[in-house]
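Visitor: Pasting a predicted model and its sequence here:
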Amino acid sequence: KSLFVGIFILSSVVSTCSSQSSISASTQLTNNQINCDAMAVTPTPTPTDSSVDDFVEPIAVDRTSDPLSGISDGSGGIDGMDEEMKKVLNAMLSELSPEEIEQAARTSYVYFLAATKEGCVDGPSGLERLRRSKALAMARRCLVADKGKPDVALTRMRSTLVWRQEMDIDGMRTCFTENDERHATMRSSLSHSMSTGQFVVRGYDRDGRALQLLIPRLNVSGDTPEAILAAILYHAERAIAGTERRSGNAHEKFHVVFDYARFKISHSMPLAAAKLVVFALRDHYCERVQGIYLLDAPLVFQIFWNLIRPFIDPDTKRKITFLTGQKEKKKVFGRFFDKEEAVSCILDDGHLVGSHDVHKYLHEVPFDFAYDEVIDVKE
């Protein structure tokens, strides 16, 4: 069972990353397609040995910073893109209804807050600008994932918008803070699935990308596949929201770390749950993952990876990293994480140590903040 689930998950991760990777130079585009090199995401630099910065006190973050800041880069808005890409993305949005554009914008937590909380932006014009910027950002992600094919990307967009409403992603974002009766079942299920601390968002890299940590050994026995999926999506949304806010809208991707220390066969995710998770992330979270790191993974995972690695394109290989032992982890994570923003499983001298208080994390820490982050909420 462990072998089969491990091989399935790793194969699917590779497939997912392949669909999200930058478009290779050999891709031939027709006259009706755009030059996708303009959209290519800069890969993570090859890790090199680096010293870890000296400890500094965490900086308090202003919760009410301007949601329009930073949207001029290629990841957050349309300004700064080449004219050909602008035309394609605007044409995609012209095919959507106003309600679909609104839902596309809501894939951004920055926009979700602006649309549901008074005073986040300066008037209707600011909200409209932010709405279009974030809807365009979603269109861009889909276009990259679908190899610059606008029709296919538009289909993906519409499918994702329907799926997000069916999953009630907006409800996930607010179910612990609003404590409304309508989401009581969702709140109870998520609380149960996260009761052991197996999922959490802790820390940021130096560019403000959040880290989503998954600890398989802390699995909840008997949890349903649907509940496992909901818990993982909840944390993916938190990681995206934290990345947007912490990076000032400069980045959209987050890191995923699996800590396989002390992993046993009994900790394996059910195959039905693995399928739901992999397909959901592949189909509806394209261009969201910066890198996937498997720490101290079972030998079977590494053996299978070594077998298929020669046949995988370089961009995909850069997204998946196996690390064993503190020396390897420090060589990689020391490159882009400071120790005050690192959990101890990625850097042995990381300051984010110990388990987290699940109740505090769910009910008190704002949705777009990491667990250990210093909070300076200005009303």
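Guide: Here it is on my side, so go on.
Visitor: What segments of the stretch 151-300 of the chain are strands?
Guide: 199-204, 210-214, 254-259, 289-295 (DSSP state E, counting those that start in this stretch).
Visitor: Dump those strands into TSV; add mean pLDDT and distance to Leu323 as well.
Guide: Where C-beta positions appear, they are placed from N, C-alpha and C, glycine not excepted. TSV is the format used below for these (pLDDT from 0 to 100; distance: least, CB to CB, whole Å):
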stretch	mean pLDDT	distance to Leu323
strand 199-204	96	16
strand 210-214	96	14
strand 254-259	95	9
strand 289-295	93	5
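Visitor: I'd like to know which of those strands is closest to Ser355.
Guide: Among the strands of the stretch 151-300 of the chain, strand 199-204 comes nearest to Ser355, with 8.8 Å by CB to CB.
Visitor: Could you name the helices and strands sitting against that closest one?
Guide: Judged by 3 or more CB pairs under 8 Å, 6 or more residues apart in numbering; DSSP states H and E, strand 199-204 is in contact with strand 210-214, helix 225-246.
Visitor: Let's see that with 10 Å instead.
Guide: For strand 199-204, the packing partners by 3 or more CB pairs under 10 Å, 6 or more residues apart in numbering; DSSP states H and E come out as strand 210-214, helix 225-246, strand 254-259, helix 358-363.
Visitor: Thr177 is nearest to which of these?
Guide: Per CB to CB, nearest to Thr177 of the helices and strands packed on strand 199-204: helix 358-363, 7.6 Å.
Visitor: what does the closest one rub up against?
Guide: 175-177, 179, 187, 190-191, 194-202, 234, 238, 357, 369-372 (CB atoms under 10 Å, 6 or more residues apart in numbering).
Visitor: can you tell me which residues contact Leu276?
Guide: Leu276 neighbours (CB under 10 Å, 6+ apart): 224-226, 228-230, 232-233, 270.
Visitor: hmm, back to that, out of the helices and strands packed on strand 199-204, flag the one nearest Glu83.
Guide: Using CB to CB, the nearest of those to Glu83 is helix 225-246, at 26.2 Å.
Visitor: now that closest one: how far from the chain's centre is it?
Guide: Centre-to-centre, helix 225-246 and its host chain are 7 Å apart (CA atoms, centre = their mean, to the nearest Å).
Visitor: residues of that helix that come out buried?
Guide: For helix 225-246, a neighbour-count test (16 or more other CB atoms under 10 Å) marks 225, 227-246 as buried.
Visitor: ditto for stretch 166-179
Guide: 167, 169-170, 172-176.
Visitor: quick check, nearest of these to Asp283?
Guide: Nearest member of those to Asp283, counting by CB to CB, is Met167, at 11.9 Å.
Visitor: pLDDT at Ile312, what is it?
Guide: Predicted confidence (pLDDT) at Ile312: the value is 73.
Visitor: State the distance from it to Gln103.
Guide: 34 Å (CB to CB, to the nearest Å).
Visitor: So between the two, which is more surrounded?
Guide: Gln103 (22 against 17; other CB atoms under 10 Å).
Visitor: Does Thr321 fall in a helix, a strand, or a coil region?
Guide: strand (DSSP: H, G, I helix; E, B strand; the rest coil).
Visitor: Contacts only, for it.
Guide: For Thr321, the contact set (CB under 10 Å, 6+ apart) comprises 44, 47, 257, 291-295, 305, 328-329, 332-333.
Visitor: quick one: Glu100 and Ala145, what's the gap?
Guide: With CB to CB as the criterion, Glu100 and Ala145 are 18 Å apart.
Visitor: neighbour-wise, which of the two wins?
Guide: Neighbours per residue (other CB under 10 Å) separate Glu100 from Ala145, with Ala145 holding more: 24 against 17.
Visitor: Could you report the pLDDT at the closest residue to that one other than its chain neighbours?
Guide: For Ala145, ignoring the flanking residues on the chain, the nearest one in space by CB to CB, 6 or more residues apart in numbering is Cys286 at 3.5 Å. Per-residue confidence (pLDDT) for Cys286: 91.
Visitor: Next: Val162.
Guide: So, for Val162, pLDDT stands at 98.
Visitor: What of the one 5 residues further on?
Guide: In this model, Met167 is scored at 96, pLDDT.
Visitor: isn't it right up against Tyr285?
Guide: No. At 11.7 Å, Met167 does not count as touching Tyr285 under the criterion of CB atoms under 10 Å.
Visitor: what about whichever strand or helix holds Asp315, distance to the chain center?
Guide: According to DSSP states H and E, Asp315 maps onto helix 314-319. Computed by CA atoms, centre = their mean, the separation of helix 314-319 from the middle of its chain amounts to 17 Å.
Visitor: now do stretch 252-265
Guide: 13 Å.
Visitor: start to end distance for that stretch?
Guide: 34 Å (CA to CA, to the nearest Å).
Visitor: before we move on, back to that, residues near the residue nearest to Ala145, how many?
Guide: Cys286 has 22 neighbouring residues, counting by other CB under 10 Å.
Visitor: wait, which of the strands of the stretch 151-300 of the chain is closest to Val277?
Guide: Nearest to Val277, of these and by CB to CB, is strand 210-214 at 10.2 Å.
Visitor: send the alpha carbons of that closest one over as PDB?
Guide: Only the C-alpha atoms of strand 210-214 are listed here, as PDB (Å, rounded to 0.1, in the frame of the first residue of the first chain):
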ATOM      1  CA  ALA A 210       5.000  31.300   2.500                       C
ATOM      2  CA  LEU A 211       5.900  27.700   3.500                       C
ATOM      3  CA  GLN A 212       3.200  25.100   3.700                       C
ATOM      4  CA  LEU A 213       4.300  22.300   6.000                       C
ATOM      5  CA  LEU A 214       2.800  18.800   5.900                       C
END
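Visitor: follow-up on the earlier one: now a PyMOL select for only the buried ones of the contacts of Thr321.
Guide: Per 16+ other CB under 10 Å, the buried members of the contacts of Thr321 correspond to this PyMOL selection:
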select buried, resi 44+47+257+291+292+293+294+295+305+329+332+333
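Visitor: Tell me which two in the contacts of Thr321 are the farthest apart.
Guide: In terms of CB to CB, the contacts of Thr321 reach their longest pairwise distance at Trp305 and Phe333, which sit 19.1 Å apart.
Visitor: Right, I'll leave it there.
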